[in-house]
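In: what follows is a predicted structure for the sequence shown.
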Amino acid sequence: MKTTPFRLLHTCTLFTLGMAVAAGSAQAQNGSYPTQAVTLIVSSAPGGTTDLAARMIADPLSKALGKPVVVDNRPGGSGAIAASAIKRATPDGHTLLVQYSGYQVITPHLMKGSFDPIKDFSPVANLIVAPQVIVVRPDLPIKTLPELISYAKAHPGKLNYASSGNGSLQHVTGEMLKRLTGIAITHVPYKGTGPAITDLLSGNVDMTFTTAPPLLGHIKTGKLRAIAVTGSVPLPSLPNVPTTATIKGFGTLDVSSWFAVYAPKGTPQPVIDRLTTEISRIMQTADFKSKAEAQGAYAVYMNSQELAAYTDRELQSWGKSVRDLKITAE
């Protein structure tokens with residue numbers, strides 16, 4: 001067969017790409033990873049729980065790997081901006097995603113084609129899990145979840161709740177609460193948790209649901225009143241706030257966020273294994289556990305295989321919730 005210039009170029013290109021992949025795998029196999037700084041791309045702005053999770057591992061992971069570990073915040077697009085950056089990154093373990101579960105398993109159902117949480121990423125490890133805290137304005141005559149339900153039923157449509165946007169986990173939680181209790185409360189979407197909390201503090205909205213870190217200071221100073229923690233496990237940082245599972249006659253509202261590390265698809269398995277091993281060691285330290293608990297979260301480790309299976313289950317479960325509750329991004 002005659003070799004055309006195009007065929008020769010195509011063959012050389014494939015050979016070069018194959019050599020590059022082989023070189024990356026060889027580096028991983030012989031223990032040379034990492035060869036440069038590692039970047040943790042975070043899908044939220046600084047100060048949120050996702051950012052907190054990334055910074056809790058950045059310094060100890062840097063010491064374990066012997067290279068700098070840099071946090072790069074890329075908020076926006078309900079996690080799609082950060083996810084897209086990881087999709088484009090070289091799959092060599094030097095660029096990783098620290099992702100919030102609401103973005104990883106809800107956004108794909110609302111923004112079709114933005115990214116595929118199964119096909120586009122290689123799971124590395126889960127870091128922390130944080131339940132939602134239900135908070136209300138302190139001037140409302142509501143101190144418990146049963147009182148909230150009674151007040152809402154006595155004043156249908158009067159109460160409203162803030163969320164970080166249409167299709168957010170807070171939005172889904174609010175709609176789940178409405179369906180579970182039969183109350184009528186109005187959804188008020190914002191562009192992020194920060195603006196939602198700001199308006200709640202100003203008295204422009206009545207309540208919200210979100211993870212504890214951005215709420216703890218306001219709860220402790222009395223500017224917000226926490227009435228329940230979703231799920232069955234109490235928060236050490238809010239010892240006097242009951243879980244929804246312990247409230248008699250309420251039912252089940254088990255909504256928690258999780259925050260995990262993913263690599264670009266195609267990252268060599270030895271690199272994944274190295275990262276998973278080091279993260280596991282970090283998470284077993286008293287320092288990591290205490291920092292998580294102080295912020296209203298728990299250290300919950302999952303290795304790459306466990307996280308892959310969990311991501312798939314959560315994707316299916318939240319997809320059903322989004323469809324059943326008729327949640328949309330607009």
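Out: Happy to help now that I have it.

In: from now on I want contacts and neighbour counts done on CA atoms only, so please keep to that.
Out: OK.

In: ranges for the helices of the stretch 151-300 of the chain?
Out: Ranges of helices within the stretch 151-300 of the chain are 169-181, 193-201, 216-220, 269-283, 286-294, based on DSSP state H, counting those that start in this stretch.

In: the ones you listed: which one's closest to Ala130?
Out: Closest of those to Ala130 is helix 286-294, at 9.0 Å (criterion: C-alpha to C-alpha).

In: show me the strands in the stretch 1-150 of the chain, by range?
Out: Under the criterion DSSP state E, counting those that start in this stretch, strands of the stretch 1-150 of the chain are mapped to 38-42, 69-73, 95-100, 121-131, 133-136.

In: the stretch 201-330 of the chain now?
Out: According to DSSP E, counting those that start in this stretch, the stretch 201-330 of the chain carries its strands in the segments 207-210, 225-229, 256-264, 298-302.

In: how long is stretch 160-167 end to end?
Out: Using C-alpha to C-alpha, to the nearest Å, the end-to-end distance of stretch 160-167 comes out at 16 Å.

In: now stretch 103-110
Out: With C-alpha to C-alpha applied, stretch 103-110 spans 10 Å between its terminal residues.

In: stretch 173-189 too?
Out: Start-to-end, stretch 173-189 (C-alpha to C-alpha) is 13 Å.

In: so where's the stretch 1-150 of the chain shaky on pLDDT?
Out: 1-31 (pLDDT under 70).

In: out of the helices of the stretch 151-300 of the chain, which gets nearest to Pro91?
Out: helix 269-283 (9.7 Å).

In: flag every buried residue along the closest one.
Out: Neighbour counts over helix 269-283 (16 or more other C-alpha atoms under 10 Å) mark 269-276, 278-280, 282-283 as buried.

In: which strands and helices sit next to that helix?
Out: With contacts taken as 3 or more C-alpha pairs under 8 Å, 6 or more residues apart in numbering; DSSP states H and E, helix 269-283 sits against helix 5-29, helix 49-65, strand 121-131, strand 298-302.

In: which elements pack onto the shortest one?
Out: With contacts taken as 3+ C-alpha pairs under 8 Å, 6+ apart, strand 298-302 sits against strand 121-131, helix 269-283, helix 286-294.

In: now the angle from the longest one to helix 49-65?
Out: On the basis of axes from the mean of the first three to the mean of the last three C-alpha atoms, to 10 degrees, helix 269-283 is oriented at 110 degrees to helix 49-65.

In: repeat that for the first one.
Out: Strand 121-131 and helix 49-65 are oriented at 120 degrees to each other (the same axes, to 10 degrees).

In: make JSON lines out of the strands of the stretch 1-150 of the chain and add distance to Pro214 and mean neighbour count.
Out: Shown next, in JSON lines, are those (distance: least, C-alpha to C-alpha, whole Å; neighbours: other C-alpha atoms under 10 Å):
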{"stretch": "strand 38-42", "distance to Pro214": "17", "mean neighbour count": "24"}
{"stretch": "strand 69-73", "distance to Pro214": "17", "mean neighbour count": "20"}
{"stretch": "strand 95-100", "distance to Pro214": "15", "mean neighbour count": "26"}
{"stretch": "strand 121-131", "distance to Pro214": "12", "mean neighbour count": "26"}
{"stretch": "strand 133-136", "distance to Pro214": "10", "mean neighbour count": "28"}
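
In: excluding chain neighbours, give the residue nearest to His109 in space.
Out: Nearest non-adjacent residue to His109, counting by C-alpha to C-alpha, 6 or more residues apart in numbering: Gly319, 6.2 Å away.

In: then Asn126?
Out: Distances taken as C-alpha to C-alpha, 6+ apart place Ala260 nearest to Asn126, at 4.1 Å, with adjacent residues excluded.

In: my read is that that neighbour contacts Leu96, right?
Out: No. Counting by C-alpha atoms under 8 Å, Ala260 sits too far from Leu96 to count as a contact (10.3 Å).

In: just checking, Ile118 touches Arg313?
Out: No. With contact defined as C-alpha under 8 Å, Ile118 does not reach Arg313; the gap is 10.8 Å.

In: settle it for me: which of the two has more neighbours?
Out: Taking other C-alpha atoms under 10 Å, Ile118 and Arg313 do not tie; Ile118 has more neighbours (16 against 13).

In: tell me which residues in stretch 104-116 are buried?
Out: Those buried within stretch 104-116 under the rule 16+ other C-alpha under 10 Å are 104-110, 114-116.

In: on that earlier part again, of all the helices and strands packed on strand 298-302, which one comes closest to Ser44?
Out: For Ser44, the closest of the helices and strands packed on strand 298-302 is strand 121-131, at 15.4 Å, according to C-alpha to C-alpha.

In: so how far is that closest one from its chain's centroid?
Out: 8 Å (C-alpha atoms, centre = their mean, to the nearest Å).

In: tally of neighbours for Ala54?
Out: For Ala54, the count of nearby residues is 25 (other C-alpha under 10 Å).

In: residues contacting stretch 177-189, please?
Out: Stretch 177-189 is contacted from outside by 149, 152-153, 156-166, 171, 174, 196, 205, 250-251, 253, using C-alpha atoms under 8 Å, 6 or more residues apart in numbering.
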